[in-house]
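Participant: turn this into a structure:
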Amino acid sequence: MSHELKRAMLQDLDVLIKVGKHENLIGLIGTCETSQMVCIILEYVSMNLKDLLLGSRDSLPGRFSNMSEVQALDIAIQVARGMAHLESCKVDIKTNATKSTKSKIMNLCEENPDISISKLMTAVGWESMRTPALTLTDGGMELANKQKDSK
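Facilitator: This next block holds a predicted model:
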């Protein structure tokens with residue numbers, strides 16, 4: 001792993017540590033660092049926001065999504081709450097989100113083709129924690145709300 005990549009990963013890790021736990025942010029489980037590698041274990045998320053939104057696209061003419069306005073507003077509120085928490089933590093967040101660059105994790109996987117999320121999860125004994133991707137019959141919000149209500 002290059003020194004620059006390792007430094008960038010450690011900076012991202014520092015941000016995760018500083019922001020702590022929040023229901024609208026992915027949680028940090030643990031880390032392990034050697035002279036050649038940094039492993040960061042995050043909460044498993046079966047679907048990200050991008051996949052949820054892409055999966056909800058409607059093929060009917062004149063419609064952008066099969067999500068209701070209430071569902072879309074709920075997602076926007078959750079994103080805003082997560083962003084408000086990040087802002088309240090006063091951390092310096094530098095991101096390439098507005099550029100079309102590959103993520104650091106993807107770059108790491110490309111540099112080391114034997115690394116995969118599947119192998120990492122199996123190595124730490126998380127095989128049984130995997131869940132299938134959501135089927136977006138209603139935009140996925142019904143299942144998400146049931147999971148949220150059961151907590």
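Participant: just checking, what packs against the top helix by length along the chain?
Facilitator: Assignment by DSSP state H gives helix 69-88 as the longest helix of the chain. Applying 3 or more C-beta pairs under 8 Å, 6 or more residues apart in numbering; DSSP states H and E, one finds that helix 69-88 contacts helix 49-55, helix 141-150. In this view, the C-beta of every residue, glycine as well, is placed from N, C-alpha and C.
Participant: ok, Leu42 to Val79 distance?
Facilitator: Distance of Leu42 to Val79, computed by C-beta to C-beta, to the nearest Å: 18 Å.
Participant: in stretch 77-84, what counts as buried?
Facilitator: Within stretch 77-84, the residues scored as buried using 16 or more other C-beta atoms under 10 Å are Gly82.
Participant: list of residues touching it?
Facilitator: If you take C-beta atoms under 8 Å, 6 or more residues apart in numbering as the criterion, stretch 77-84 is touched by His22, Glu23, Asn24, Leu25, Leu49.
Participant: residues near the first one, how many?
Facilitator: A total of 15 residues lie near His22 under the criterion other C-beta atoms under 10 Å.
Participant: OK, contacts around it?
Facilitator: When contacts are counted by C-beta under 8 Å, 6+ apart, His22 is found next to Arg81, Gly82, His85.
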